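> Here's my sequence, what's the structure:
(2 chains)
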Amino acid sequence: MRKIVLSLLLTLGLAVTASAQSSNMLLNAAGATFPYPIYSKWFDVYHTAHPTIQINYQSIGSGGGIRQLTAGTVDFGASDGPMNDQQISDYKTAHGGVGVLHFPTVLGADVPSYNIPGVSGDLSFTQAALAGIYLGTITKWNDPEIAKANPGVKLPSDDIVVVHRSDGSGTTYIWTDFLSKASSDWMSKVGKGTSVNWPVGLGGKGNEGVSGLVKQTPDSIGYIELVYAVQNNISYGKVQNAAGKFVKADLAGVTAAAAGAAKDMPDDFRVSITNAPGATSYPISSFTWLLVPEKIQDAAKRDAIKDFLKWMLNDGQSFNEGLSYAKLPKPVVVKELKAISLVQ
Amino acid sequence: MSTTATTIDGAVPPKAGPRAFIDRLRDGDEVAHVITLVFAATILLITSLLVYELWVNSHLSRAKFGWAFFWTSTWDPIFDHFGAAPFIYGTLVTSILSLIIAVPLGLAAAVFLAELAPRNLSDSIAFLIDLLAAVPSVIYGLLGIFIVVPLMRTVVGPALKHTLGFLPLFQGPNYGVGFLTASIVLAIMIVPFIISVSREVLLTVPREQREAALALGATRWEATWQVVVPWARTGIMGSIFLALARALGETMAVTMVIGNDPKIRESLFAAGYTIAAVIANEFTEATGDLYLSALIELGLVLFLMTFILNGLARILIVATERGGGHPS
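Numbering: from 1, shown residues only, chains lettered A, B, ... in the order given. Model (predicted):
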């Protein structure tokens, strides 16, 4: 009996030392679910190139990522919306005045998807139309605000069934951020966030819940992530951008929106690129960010994180389009590479 | 307990000092007593820890909204205004409606299986029902989305509107998702619990009870409803409350078919929301402290509702027992 126990302990000890040797550094990160597919690809490829560094990412949601980072349980966080001033000051209070840096990683976009019996082809939506539909002030499909952007399309006089996300999500953040810019009514009555108090509509859980409801319910409209729409061959409409042009979302249009916003990019990268200037910019786009502490005590960890950021901005970006994420525009990459040195 | 018993019996003479304790341990009874006591205490400990955690972490929300939390019907994470009323309403409506659908169905099926069906058939059907009870709720949610929702929109809803449309319960637009759909899916989920437990209880009713009733000239129907079912009443009630507990706490299947709109509406076709569903939906992305605290307070409210409903259940059981029947 004793022999068995002894040998078991020995094996266990060996296993522990072995695993400690094979990966002598484990970085923990947590946050946004939207970029999870590309992040796990990056962390995996990076680990293959640097076998001593392993990054463990848990996609618990942006809110959770910010909370875990503030609590100090992860080495870096990830979020679909930038941290607000309150959250940054909370972080500073918890970490003796040390701040957080935002690093944009990839771009995402939301698209309007609809199901109107008898209407095929892409509908165009003015910004006022989308805001009106989601505010509940536009209730019929043949409303003049929708009809004027779609000459020649025979729109029914049926009631519009509005669908939104029921779970808190970065997708909702981008959508409501756009609507806040499109309509001052939306801004003052509803606002922007990962969950909001919707004036009208049904809630579906996740992209699959929203697209499922839209597919099943005649005369409905809902918003879904571009990635999800592309991967599942879901058709979606064009949206009017700041320049007045109707743009159908694609990866190039999203990168164009980021490039349009890059000129006025603040030094902390906390910027909303919805409704960005530029004739080809798709208006409902956003960055997603990694959140890295300004000061990292453990020198080895600090170097690893900085090296990963560098790799992500150069080599990492080439994996984006294969997974339907838009690339960062060049000026943003250059600016971020400079910002890496701020991590001390 | 066991030690006093053994000394009184005189089977084991009392010994002094540590040896006595070891002997008692060897006896086994003491060990069993301590172990089971610890396990029982764990349940109490977990429950009180749960309440304590919910209470402490909902502090911000309780301080800000007070009792008004119960009857405020706004849920606005942006402007930090939170009220539980639409969620309490949705939870009560769906659970009670699902019981109204499931109890007659489940009870009748249980009576058939226990009293009328041949034993072989009864056993094999019971096996299938136990399997149904173990199906994960997300599967029932999918069943809801792909079958109940379209049926509701195209067949059941219009039919109800046509026949009972004069009632406010069956007015307004019908998108297929809403209170009624959620209740139907919940009913499908909880029927197996009611059937399975009620059948077992009905089978334990002594044969003599039936024979006595039949001997007195009762028909089989009368014997079943006036003797067998009342005898098993406590157990049947138990099965119903087990089902109610599942309906109250169900998250996934409900959120997939209820429409997730926190409004109080009288129409059963309208979309609603339940407490468990909103917690599951919004917890991960809840960034503000007050927001998180309000969600935790919702958890506390759900706990309270379960507690009150279970308390009512006990009172009901005691009251019906006093009214007659057998002294179970």
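> Residue 207: neighbouring residues, count only.
Answering for chain A, as no chain was given. 24 (other CB atoms under 10 Å in any protein chain shown). Backbone N, C-alpha and C define where each C-beta goes, glycine included.
> The chain in question should be chain B.
So residue B:207, with other CB under 10 Å, has 7 neighbours.
> for residue B:147, same thing?
Residue B:147: 11 neighbours (other CB under 10 Å).
> Three-state assignment for it, please.
The local conformation at residue B:147, judged by DSSP: H, G, I helix; E, B strand; the rest coil, is helix.
> Could you measure from it over to chain A?
From residue B:147 over to chain A the distance is 11 Å, taken as CB to the nearest CB, to the nearest Å.
> Need the pLDDT of that residue.
For residue B:147, the pLDDT comes out at 92.
> Correct me if wrong, but residue A:290 is in a helix.
No: using three-state DSSP, the secondary structure at residue A:290 is strand, not a helix.
> can I assume it is in contact with residue A:78?
Yes: using CB atoms under 8 Å, residue A:290 is in contact with residue A:78, at 5.3 Å.
> so what sits against both of these two?
A:29, A:105 (CB atoms under 8 Å, 6 or more residues apart in numbering or on different chains).
> mind listing the helices in the stretch 201-328 of chain B by residue range?
Assigned helices in the stretch 201-328 of chain B, in chain order: B:207-215, B:220-223, B:229-231, B:233-249, B:252-257, B:275-282, B:289-322 (criterion: DSSP state H, counting those that start in this stretch).
> swap in the stretch 51-200 of chain A?
Counting by DSSP H, counting those that start in this stretch, the stretch 51-200 of chain A has helices at residues A:62-71, A:85-94, A:127-135, A:144-147, A:170-182, A:184-189.
> For the residue nearest in space to the middle of chain B, which non-adjacent residue is closest in space?
Nearest residue to the geometric centre of chain B (CA atoms, centre = their mean): residue B:245, 1.7 Å. Sequence neighbours aside, residue B:306 is the residue nearest to residue B:245 in space, at 6.5 Å (criterion: CB to CB, 6 or more residues apart in numbering or on different chains).
> residue contacts, residue 95?
You didn't say which chain, so I picked chain A. If you count contacts by CB under 8 Å, 6+ apart, residue A:95 has them with A:72, A:293, A:295.
> I was thinking of chain B, sorry if that wasn't clear
B:186, B:244, B:247, B:248.
> now it: how far from chain A?
19 Å.
> Now that residue, what are its backbone angles?
Main-chain torsions, residue B:95, degrees, to the nearest 10: phi -70, psi -40.
> Ok, residue B:251 next?
Dihedral angles (degrees, to the nearest 10) for residue B:251: phi -110, psi -60.
> what's it in contact with, if anything?
By CB under 8 Å, 6+ apart, the neighbours of residue B:251 are B:137, B:274, B:276, B:277, B:279, B:280.
> what do you get for residue B:300?
B:51, B:54, B:55, B:58.
> In contact with residue A:228, which residues?
A:207, A:208, A:211, A:234.
> 6 Å instead?
residue A:207 (CB atoms under 6 Å, 6 or more residues apart in numbering or on different chains).
> now swap in residue A:255 and tell me
Neighbouring residues of residue A:255 by CB under 6 Å, 6+ apart: A:326, A:327, A:329.
> one more time with 8 Å, if that's ok
A:107, A:326, A:327, A:328, A:329.
> Can you report how many residues neighbour the third one?
As a burial measure, residue A:327 scores 19 neighbours (other CB under 10 Å).
> ok, now the last one?
Using other CB under 10 Å, residue A:329 has 20 neighbouring residues.
> Please tell me how far the closest residue to it other than its chain neighbours sits from chain B.
Closest residue in space to residue A:329, ignoring its immediate chain neighbours: residue A:259 at 3.8 Å, by CB to CB, 6+ apart. As judged by CB to the nearest CB, residue A:259 and chain B stand 29 Å apart.
> continuing past the lowest-mean-pLDDT helix or strand in chain A, what's the next helix or strand?
Lowest by mean pLDDT, DSSP states H and E among the helices and strands of chain A is helix A:2-22, with a mean of 52. Downstream of helix A:2-22, the first helix or strand assigned by DSSP states H and E is strand A:25-31.
> just to revisit the earlier point, please identify the most buried of the helices of the stretch 201-328 of chain B.
helix B:252-257 (a mean of 26; mean count of other CB atoms under 10 Å in any protein chain shown).
> Would you tell me whether it gets close to chain A?
Yes: counting by CB under 8 Å from any CB of the partner chain, chain A has neighbours in helix B:252-257: B:255, B:256.
> looking only at pLDDT, what's the mean for that helix?
Here helix B:252-257 scores 92 as its mean pLDDT.
> Give me the nearest residue to the residue of the stretch 1-150 of chain A found nearest chain B, chain neighbours excluded.
Closest contact between the stretch 1-150 of chain A and chain B, by CB to the nearest CB, is at residue A:61 (3.4 Å). Residue nearest to residue A:61 in three dimensions, not counting chain neighbours: residue B:284, with 3.4 Å by CB to CB, 6+ apart.
> Over to residue A:55?
residue A:43 (4.2 Å).
> hang on, that neighbour packs against residue A:58?
No: under the criterion of CB under 8 Å, residue A:43 makes no contact with residue A:58, lying 11.4 Å away.
> Would you mind telling me which of those two has more residues around it?
Set residue A:43 next to residue A:58 and count neighbours by other CB under 10 Å: residue A:43 wins out with 20 against 16.
> Provide a list of residue ranges in the stretch 1-150 of chain B with pLDDT below threshold.
B:1-19, B:21, B:24-26 (pLDDT under 70).
> How far does the strand or helix carrying residue B:63 sit from its chain's centre?
Taking DSSP H and E as the definition, one finds residue B:63 inside helix B:59-65. The chain centre lies 29 Å from the centre of helix B:59-65; the measure is CA atoms, centre = their mean, to the nearest Å.
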